[in-house]
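Engineer: Starting from these lines, generate the structure:
(one chain, ligands or ions: 1)
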Amino acid sequence: MYIKICGLQTVESVAAAVEAGANAVGFIFAPGSPRTITAALAATLVSSVPEGIETVGVFRDQPLDEVLATSREAELTTVQLHGNEPLADVTRLHAAGFRTLRAFSVAAYNALNPEDKRAWKSERILLDAVEPGAGETFDSSELAQGAPQGFWLLAGGLNPSNVASLVGALHPHGVDVSSGVESSRGVKDSMLIRDFIQAARSIS
Ligand SMILES: O=C(O)c1ccccc1N[C@@H]1O[C@H](COP(=O)(O)O)[C@@H](O)[C@H]1O
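Structural biologist: As a prediction, this is how the structure comes out:
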C-alpha cells in the first residue's frame with residue numbers, strides 16, 4: 001500500500017509523515033489553497049526527506065515552464081498535475097527527469113474515451129472527488145465502469161476512519177490524503193497522520 005500525505009507546510013508534519021512510514025509527501029503549489037507554499041519553503045522541507053521517499057509538487061493548470069522551474073528549485077522527485085493537463089505535459093515532465101501523478105475526478109476519468117484511457121494506461125493515475133483538497137469523498141459506485149488498469153491512487157475525503165474500508169472495497173494501489181489528517185483546514189495533525197497510515201496499512 002503506497003501512501004502519500006499531502007499539503008505539508010512544516011518540518012514537523014513532514015517528519016511525522018516520514019516517521020510513520022509514508023511513501024510520498026506532497027506540497028501544494030496550486031494557487032488559492034490554504035496549503036500553498038513557495039518553492040523556497042518546499043526546498044527546505046524536501047531537504048529533510050530521506051532518499052527513497054517521493055517528494056511531490058501539486059500543480060493545477062499552471063504553465064508547464066512554471067511547473068518545471070518550481071519543481072527544479074524545490075528539488076522535487078515528482079510532479080502531480082491536478083487540472084486538465086494533457087498527456088504531452090506528462091511526457092515533457094518525464095523527459096525532464098520527474099516522476100508524475102495525473103489526477104482526474106472520477107467523472108472526468110469515466111468520460112475519457114477508450115482510446116484516451118489506453119493512452120493514459122501506463123501513467124500513474126490519481127482518482128479524486130470534484131473539488132481537490134476539500135475533504136470531499138466521491139460515490140464509490142461511480143467506479144462501476146472500472147478503475148484504471150495500471151497503478152492508481154485513491155484520494156478525496158479519506159481519513160483514519162474510512163480509509164481501510166474504502167481500500168478494501170476499491171483495491172487501489174495506494175491512497176493520498178490531505179484534509180483528513182488536519183485538525184483544522186490547512187493545519188496538519190501528527191497523530192492523525194500516524195493513525196491514517198496505520199489504518200491504510202491495516203488491511204494490506
Ligand atoms: O490540497 C489542496 O489544497 C489541493 C489544491 C489543489 C489541487 C489539489 C489539492 N490537493 C489534493 O487533493 C486530493 C485530496 O484531498 P483531500 O484529502 O480530499 O483533502 C489529494 O490528492 C491532494 O493532493
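Engineer: phi, psi of residue 105?
Structural biologist: Dihedral angles of residue 105 (phi, psi; degrees, to the nearest 10) stand at phi -70, psi 160.
Engineer: Contact partners for it?
Structural biologist: Residue 105 sits next to 127, 128, 129, 130, 138 when contact means C-beta atoms under 8 Å, 6 or more residues apart in numbering. Bear in mind the C-beta positions are built from the backbone N, C-alpha and C, glycine included.
Engineer: Out of these, which are close to the ligand?
Structural biologist: Contacts with the ligand within these, as defined by C-beta under 6 Å from any ligand atom: residue 128.
Engineer: What subset of the contacts of residue 105 is buried?
Structural biologist: Applying 16 or more other C-beta atoms under 10 Å to those, the neighbour count classes 127, 128, 129, 138 as buried.
Engineer: Next, the residue nearest to the spatial centre of the chain: phi, psi?
Structural biologist: Residue closest to the average C-alpha location in the chain (C-alpha atoms, centre = their mean): residue 176, at 5.0 Å. Dihedral pair for residue 176: phi -140, psi 130, per degrees, to the nearest 10.
Engineer: For this protein, give the residue positioned nearest to the ligand.
Structural biologist: residue 133 (2.3 Å; C-beta to the nearest ligand atom).
Engineer: Count the neighbours of that residue for me.
Structural biologist: Around residue 133 there are 25 other residues, counting by other C-beta atoms under 10 Å.
Engineer: List phi and psi for it.
Structural biologist: Phi and psi for residue 133, reported as degrees, to the nearest 10, are phi 80, psi 10.
Engineer: what's the answer for the one 5 residues further on, then?
Structural biologist: Backbone dihedrals for residue 138, given as degrees, to the nearest 10, come out at phi -110, psi 160.
Engineer: mind checking how far it is from residue 162?
Structural biologist: Distance from residue 138 to residue 162, counting by C-beta to C-beta, to the nearest Å: 12 Å.
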